[in-house]
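>>> Pasted the sequence and its predicted model underneath.
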Amino acid sequence: MGSNLGNKRNVKIFVLYLMENINYPMDFITLNDVVMQTDYIMYLDFAESFGEMLDSELIECVDKDENGDALYMPTQKGRIVAAELKSDILPSILDQSLACALRYLNFKKRGITARCASEKAENGYYRVTFIIVEKENVIFKTELLVDSELRAKKMKENFRERPETIYRGVNALLAGNVNYLFD
C-alpha cells in the first residue's frame with residue numbers, strides 16, 4: 001500500500017466516511033475524483049479497496065445514472081463502520097478531505113472556477129483581486145489593498161484553499177446572517 005493513510009483498512013474507512021458525509025449516490029469515476037482531491041490515497045489502493053468494499057457489502061449499487069453507470073452508496077453496515085472507526089484517522093485529515101470533496105463536487109456541478117492575483121500598488125501596498133466565475137458569469141469579485149506582500153500571499157493561499165467558504169461567508173455577512181461577528 002502506497003497511500004499516506006497507511007493500511008487498506010484506513011483507506012476503506014476514509015472512503016466510507018466521505019461517502020457517508022457527501023450523502024448522495026456517485027459513480028465510480030466521480031467517487032475516485034472525490035477521493036483523489038487530496039494526496040492521502042493512491043488510485044490503485046482506492047480501486048482495490050472499492051472492490052473489497054463491494055464484496056464485503058460496505059457499499060452497494062443503488063441506482064444507475066443517465067449513462068447507465070452504477071451509482072454507489074454506503075450500506076447500513078458501511079455507515080456503522082464509518083461512524084465507529086473514523087477516529088482511527090486524524091480528524092484534520094477527514095475534515096480537510098471532506099471540504100475538498102464537497103468543493104470539488106459543488107464547483108464541478110456548477111462549472112465554477114476561482115482565481116486570484118496580486119500586484120504591487122503605490123506606497124508599498126499590494127492590491128489583491130479575488131474572482132469566482134460560474135459558467136462565464138462573474139458571481140464574486142473583490143479587491144483589497146493590503147500592507148505587505150506576505151499578507152497578500154497568505155490571502156491568496158486561503159482563497160485558493162477555500163473559495164466556497166469565503167464566498168458563503170461574504171454572502172452571509174452582507175445578508176446579516178452572522179450577526180455574532182458584530183457583537
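That came through fine.
>>> tell me which element the residue sitting nearest the centre point of the chain falls in.
In the chain, the centroid-proximal residue (Cα atoms, centre = their mean) is C100; its distance is 1.5 Å. Using DSSP states H and E, C100 sits within helix 91-110.
>>> So for that helix, what gets flagged as buried?
I93, L94, S97, L98, A99, C100, A101, L102, R103, L105, F107 (16 or more other Cβ atoms under 10 Å). C-beta here means a position set from N, CA and C on the backbone, and glycine is covered the same way.
>>> how far is the next helix or strand along the chain from that helix from where the chain is centred?
As assigned by DSSP H and E, the chain's next helix or strand after helix 91-110 is strand 112-120. Taking Cα atoms, centre = their mean, to the nearest Å, one finds strand 112-120 lying 19 Å from the centre of the chain it belongs to.
>>> Identify the residues contacting strand 112-120?
Contacting residues not belonging to strand 112-120 are listed as 106-107, 126-134, 139, 149, 152-153, 155-156, 159-160, 163 [Cβ atoms under 8 Å, 6 or more residues apart in numbering].
>>> In strands, which of those residues fall?
Judged by DSSP state E, those include Y126, R127, V128, T129, F130, I131, I132, V133, E134, I139 as members of strands.
>>> Buried ones among these?
Buried among the ones in strands among the contacts of strand 112-120 (16+ other Cβ under 10 Å): Y126, V128, F130, I131, I132.
>>> and of those residues, the nearest to I89?
Set against I89, the nearest of those by Cβ to Cβ is I132 (30.7 Å).
>>> give the contact list for the closest one.
Per Cβ under 8 Å, 6+ apart, neighbours of I132: I112, T113, A114, V138, I139, F140, K141, P163, Y167.
>>> Neighbour-wise, which one of those leads?
P163 (21 neighbours; other Cβ atoms under 10 Å).
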